[in-house]
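Engineer: My questions concern the predicted model and sequence given below.
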Amino acid sequence: MTYETLRLTVEERVATVTLNRPKALNALNAAMLHDLEGAFATLAEDSAVRVVLLCGAGGKAFAAGADIAELAEVDAISGERLAGRAQRLFRRIELLAKPVIACIDGFALGGGCELAMACALRLASERARFGQPEIKLGLVPGYGGTQRLPRLVGRGAALKMLLTGAMIDASEALRIGLVDEVVAVEKLMERAAELAKSIAGMPPLAVAAAIEAVGRGADLPLDEALALEAAAFGRLCGTEDKREGTRAFMEKRSAQWVGR
C-alpha cells in the first residue's frame with residue numbers, strides 16, 4: 001500500500017515505518033494518524049513481519065508534535081475525540097504482537113514523544129531532544145503523555161517535564177529512563193537493525209506473549225498480573241516452538257521456530 005505521509009518497507013522480517021512530512025518536522029496531522037492506523041493494521045496481519053522500526057524522515061525530527069494549524073481549530077468536543085483516536089492508535093502500537101522500536105533522531109516533542117513512549121523500545125541519537133510542551137499552549141498531553149511518562153520516568157521527573165514544557169537532551173532522557181539507548185547519529189539505524197534482527201530471530205509466540213504480559217500486566221494488581229503471566233507461560237508450554245526450543249537446547253543446536 002502507498003501512504004500520503006508515511007513510507008513503509010519490509011526487508012528480512014523487519015518493517016520500517018518512516019514518518020514522512022520532513023518540511024513540517026513530521027508533525028502528526030490527521031492524515032498521518034490515518035496513515036498510521038492503516039499501516040499498523042496491515043503490519044498486525046503480516047506474519048512475515050517480526051519487528052517494526054519507526055523513524056522520522058529529514059534528519060531534524062522524529063516527530064515534532066501535533067500539527068498546530070490543525071490543533072488551533074479544535075474545540076472541546078472534537079479535542080476529546082481527537083485525543084481518544086490517537087490514544088487508541090498508540091495503544092494498538094503498544095500492544096502489537098511484534099515489538100515496535102522507535103528510532104529517534106532530532107525532535108520528539110508533544111505527540112511525537114507520546115508516540116515514541118508507546119513503542120516497545122526507544123533508541124535515540126545523541127542529537128535527539130524530548131519534551132511535552134503542551135502546557136505552553138494552555139493544554140496537557142492528550143495522546144497518553146500524562147500516563148506513560150510517569151510510568152517510564154517516575155512521578156517527579158514526569159511532572160517536571162509536563163509543568164515546565166522544557167526540552168531535555170538524549171543523555172538526560174537516558175538517565176531518567178525515557179530512552180533505552182543513546183548512540184551516535186550515524187549509528188542509529190545500524191544499531192536499530194541489529195536489535196531488530198536479534199528479536200526477529202526469537203520465537204514469535206513468546207515475543208508476543210512477553211509484550212502482552214508487560215503491556216497489560218502493568219495496569220493490574222500484582223496478583224492478577226501474576227495470573228496473566230502464568231496463563232501465558234502455560235499457553236506457550238503447549239506450543240511446537242516450546243518443544244523445539246527445549247529439544248534444541250538439549251541437542252546443543254540452533255532452534256528452528258515455526259510460530260505454532
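Structural biologist: Everything's here; your move. Residues are numbered from 1 along each chain as shown.
Engineer: Leu220 is in contact with Ala213, isn't it?
Structural biologist: No. Taking CB atoms under 8 Å as the definition, Leu220 is not a contact partner of Ala213, at 10.1 Å. For glycine as for every other residue, the C-beta is placed from the backbone atoms N, C-alpha and C.
Engineer: which one of those two has more residues nearby?
Structural biologist: The neighbour count for Leu220 versus Ala213, taken as other CB atoms under 10 Å, is higher for Ala213 (18 against 12).
Engineer: What helix or strand is that one located in?
Structural biologist: helix 204-217 (DSSP states H and E).
Engineer: got it, and Ala86?
Structural biologist: Under the assignment here (DSSP H and E), Ala86 is part of helix 76-94.
Engineer: between that helix and helix 204-217, how many degrees?
Structural biologist: 140 degrees (axes from the mean of the first three to the mean of the last three CA atoms, to 10 degrees).
Engineer: Quick one: distance of the next helix or strand after helix 76-94 to the chain centre.
Structural biologist: As assigned by DSSP H and E, the chain's next helix or strand after helix 76-94 is strand 100-104. In terms of CA atoms, centre = their mean, to the nearest Å, the centre of strand 100-104 is set 6 Å apart from its chain centre.
Engineer: model confidence over strand 100-104, on average?
Structural biologist: The average of the pLDDT scores along strand 100-104 is 98.
Engineer: again, but for stretch 132-143
Structural biologist: Stretch 132-143 shows a mean pLDDT of 96.
Engineer: for that stretch, which positions count as buried?
Structural biologist: 132-134, 139, 141-143 (16 or more other CB atoms under 10 Å).
Engineer: which parts of the helix holding Ala213 are buried?
Structural biologist: In helix 204-217, the ones that count as buried by 16+ other CB under 10 Å are 204-213, 217.
Engineer: swap in stretch 96-109?
Structural biologist: Under the neighbour-count criterion of 16+ other CB under 10 Å, stretch 96-109 has 96, 98-109 buried.
Engineer: Could you verify that Arg7 is part of a strand?
Structural biologist: Yes. Assignment of Arg7 by DSSP: H, G, I helix; E, B strand; the rest coil places it within a strand.
Engineer: which residues does Thr42 contact?
Structural biologist: By CB atoms under 8 Å, 6 or more residues apart in numbering, Thr42 lies in contact with 1, 8.
Engineer: now do the one 10 residues further on
Structural biologist: Neighbouring residues of Val52 by CB under 8 Å, 6+ apart: 14-17, 40, 43, 96, 98-101.
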